[in-house]
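1. Return a 3D structure for these sequence lines:
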Amino acid sequence: MSAQSGKYRRRVGAVRPSHLMFTTGVGALVDLPNIAVLVRGVDDWNYDDVPDWEPITEPRLLRELNRFHDGRHVKQLRPAPWLDGLDADPNGPAARVGVPVMPFPTWLRCTACNELASLDSKAFDFENDKPRRPQDARFFHRGCPKKRKGKPPLAVAARFVLACSQGHLDDFPYAHFVHEGADCPKAPQPKLQMDDRGGNIGANVSIRCMACQQHRNIRDALGERGRDELPACRGRHPHLSVFEQSGCKQRPVVLVVGASNQWFAQTLSVLSVPEGGASDLQMKVVEHWELLSKLGDPKMIVLAREHIPEFKQFAKWSDDEIVAAIEKVGAAKEAEASGDSGADQEQGQPDLLTPEWEVFSAPEAPEPTDDFALYRAPEGVPESLAPYFSDVVQAERLREVRALRAFTRLDAPDPEDPDLVSRAPLSRGELTWVPASEVRGEGIFLRVPEEVLSGWEERIAGSDALRLHQEAYKQFRINRYSGRIPGGFDPMRLWPGARYIALHTLSHLMIRAIALECGYNAASLSERIYAGDEEDPRGGILVYTAVPDAEGTLGGLVSQAAPERLVPLVDKALKGAMRCSSDPLCRERLPQPHADFLHGAACHVCLFVSETTCEKGNRFLDRRFVVPVDDPKLALYPELP
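-> Predicted coordinates:
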């Protein structure tokens, strides 16, 4: 991260690429040890000093991003700007490369005299003179009356900001607040003082005008009554340095710097799998399309093999095969450009899991590539596990690409209903690229027999347990819209189905068992649930590693799919689900009328996993739908191994 504020441009911290997708992306406040900064929009990201950077290639993800942004303007997925060599030379070229940030909030408080002022007032100076210790960057109050010998006292961010559900963020209006909307009678720009008394009664921060001595506690600005004490939202996007010309009709709310609801990422991720049974050759043609689209003549292919380094990857294919693949990919791209690219593109929220399911469930694994390789043991599923799984596939190599497509404030986005919450923009103008990251790992795919799933669905249809889950989901959707219910709103439109609950619960049981055996911590694992319906029967789970370092590719997860390890692992997972130290409270739990929690017999002891692992935030879980902790008719597996 590099700070951009006037003459200062130097590192102030470091984050992993994955953090830019989930916690510290564009528009997010980052609370560093001495200062708080805001990540700037993509217009300000600079790649000029990174000569060899390359965009991340993932055609499926690009297509979905263009549908999401109502057009075909997103051309690239870009990694964060980064340059090697920082450790060797902290003052070298690498020190000038990074994700740009700006100080925010722009009001600071002196830790010695409690003076409160904005950066524009020139009351505070900035220092960052230790290239190897960017965390020591700080603002200080040079003219502090309580200054002692040595360094001037530290100035820290005044810890209150304003935000609204439209994605706007602004400084807290301290002068306006302390004078109750009027001007100070003694000075046009009075000095202010912030006294933080702490205590156990919530916020106890007093703002005082040093000119007229008027003072006010910040508690007056909190809650519903406090919103009337604040000015209207100014429609500010500080990460873009703009105000919306149309303004904003929302009343802002007060947030503390570091509040978890100041920024929510709206991301999208896909696994790099061959599309529609595409061969390894087609995947490489797509990857290098900008180059290959100009080479339709076989004679040009011959010259390219001799003079273009990228063509070394095509050494095992003939010229005619390459030309045929170029023509096939070109025809698909023309169909996509004309809008005739398949029925799923006409849907508002296409199913990105379908290509993955088709590859994992295909009888024959595709040709291995650097990004994707599957292995199916010749002996098939162990005989003792045949009643539980119809297929076991080891994903020896996986590549997941994640993109940040927007963000929200105050209200978390709904992955299944992206238009529910107002989104904030990533750029001032047309968005031609979005930040992205890629992680490589491994995984295990387990397929449940269709006859087992369909038979179970018939058994539980009309049961009280399933009815209570459906009623809770209906109440959850109504509460989630919270006054934004449009005409014709159907609260059950996005109901995932009973099949999803069973498969999701099974996935969590396997994750918790695998984490104890494979050497990975549970937070390093992720899941993908492939749950269909009557028209599209599918039923499988993928447990995989998704961490941005070498830990995700050590082989410890794939090794658990070997028969001698998988049999005791499944036995431990299913039999362990029969007991929970919170029983009988956990075992007997079901959603009750007017409640909107979306789990039954599930808790932190037996089923819940970390937020980075679960794709649904620990919702849609119930042990009784997998093992017979209650009525055996409700269990997917009424008889355990």
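
2. Going by neighbour count, which residues of stretch 607-622 are buried?
-> 607, 608, 609, 613, 614, 616, 618, 619, 620, 621, 622 (16 or more other Cβ atoms under 10 Å). From N, CA and C alone the C-beta is placed, and that goes for glycine too.

3. Which two of those have the greatest separation?
-> Of all pairs drawn from the buried residues of stretch 607-622, the greatest distance, 18.0 Å, lies between 613 and 622 (Cβ to Cβ).

4. Who are the contact partners of the residue of the chain positioned farthest from its centre?
-> Ranking residues of the chain by C-alpha distance from their mean position (Cα atoms, centre = their mean) puts residue 186 at the top, at 49.7 Å. When contacts are counted by Cβ atoms under 8 Å, 6 or more residues apart in numbering, residue 186 touches 209, 211, 212.

5. how about the nearest residue to residue 565 once chain neighbours are set aside, secondary structure?
-> Spatial nearest neighbour of residue 565, chain neighbours left out: residue 559 (6.6 Å); criterion: Cβ to Cβ, 6 or more residues apart in numbering. Judged by DSSP: H, G, I helix; E, B strand; the rest coil, the three-state class of residue 559 is helix.

6. cool, and residue 570?
-> helix.

7. quick one, phi/psi of residue 531?
-> phi -120, psi 120 (degrees, to the nearest 10).

8. burial measure for the nearest residue to it once chain neighbours are set aside, as a count.
-> In this structure, residue 531 finds its nearest non-sequential neighbour in residue 500, 4.0 Å apart by Cβ to Cβ, 6+ apart. Per other Cβ atoms under 10 Å, the neighbour tally for residue 500 reads 18.

9. Quick check, residue 500 in contact with residue 620.
-> Yes. At 6.0 Å, residue 500 counts as touching residue 620 under the criterion of Cβ atoms under 8 Å.

10. ok so, going back, from what I can see the residue nearest to residue 565 touches residue 566, true?
-> No. Counting by Cβ under 8 Å, residue 559 does not reach residue 566; the two are 9.8 Å apart.

11. Between these two, point out the one with more neighbours.
-> residue 566 (22 against 16).

12. quick one: contacts for the more buried one?
-> 382, 385, 392, 560.

13. hmm, try it at 10 Å
-> 377, 381, 382, 384, 385, 389, 392, 444, 446, 510, 559, 560 (Cβ atoms under 10 Å, 6 or more residues apart in numbering).

14. can you pull out the helices in this protein?
-> 19-22, 59-68, 174-178, 223-227, 280-287, 289-292, 298-307, 319-337, 353-361, 450-460, 464-481, 498-515, 563-576, 585-588 (DSSP state H).

15. Mean neighbour count, those: which tops it?
-> helix 498-515 (a mean of 24; mean count of other Cβ atoms under 10 Å).

16. Quick one: low-confidence residue ranges for the stretch 201-350 of the chain.
-> Residues of the stretch 201-350 of the chain meeting the criterion pLDDT under 70: 201-202, 275-280, 282-283, 294-299, 310, 332, 335-350.

17. If we use 90, what do you get?
-> Counting by pLDDT under 90, the low-confidence segments of the stretch 201-350 of the chain come to 201-205, 218-232, 244-251, 257-260, 273-350.

18. again, but for the stretch 1-150 of the chain
-> Judged by pLDDT under 90, the stretch 1-150 of the chain has its weakly predicted residues at 1-24, 31-33, 48-54, 57-75, 82-98, 120-123, 128-136, 142-150.

19. Stretch 455-465: end-to-end distance?
-> Its start and end residues considered, stretch 455-465 measures 17 Å (Cα to Cα, to the nearest Å).

20. Distance from that stretch to the middle of the chain?
-> 34 Å (Cα atoms, centre = their mean, to the nearest Å).

21. same deal with stretch 432-450?
-> 13 Å.

22. Can you point out the buried residues in it?
-> Here stretch 432-450 shows 433-449 as buried, counting by 16+ other Cβ under 10 Å.

23. picking that back up, which two among the contacts of residue 566 are spaced furthest apart?
-> Checking those with Cβ to Cβ, the most distant pair is 384 and 559, at 18.9 Å.

24. can you give me the angle the lengthiest strand in the chain makes with helix 353-361?
-> Longest strand in the chain, counting residues (DSSP state E): strand 391-408. Calculated by axes from the mean of the first three to the mean of the last three Cα atoms, to 10 degrees, strand 391-408 forms an angle of 160 degrees with helix 353-361.

25. Kindly export strand 391-408 (C-alpha atoms) in CSV.
-> C-alpha atoms of strand 391-408 as CSV (Å, rounded to 0.1, in the frame of the first residue of the first chain):
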residue,chain,number,x,y,z
ASP,A,391,-18.1,-41.0,-7.2
VAL,A,392,-14.9,-39.8,-5.6
VAL,A,393,-12.6,-37.5,-7.6
GLN,A,394,-9.3,-36.1,-6.5
ALA,A,395,-8.7,-32.6,-7.8
GLU,A,396,-4.9,-32.6,-7.8
ARG,A,397,-4.7,-29.1,-9.3
LEU,A,398,-7.2,-26.3,-9.0
ARG,A,399,-7.2,-22.6,-9.8
GLU,A,400,-9.8,-20.2,-8.4
VAL,A,401,-10.0,-16.7,-9.8
ARG,A,402,-11.8,-14.0,-7.6
ALA,A,403,-12.8,-10.6,-8.7
LEU,A,404,-14.1,-7.5,-6.8
ARG,A,405,-17.1,-6.3,-8.8
ALA,A,406,-18.5,-3.7,-6.4
PHE,A,407,-18.9,-2.9,-2.7
THR,A,408,-21.6,-1.8,-0.3
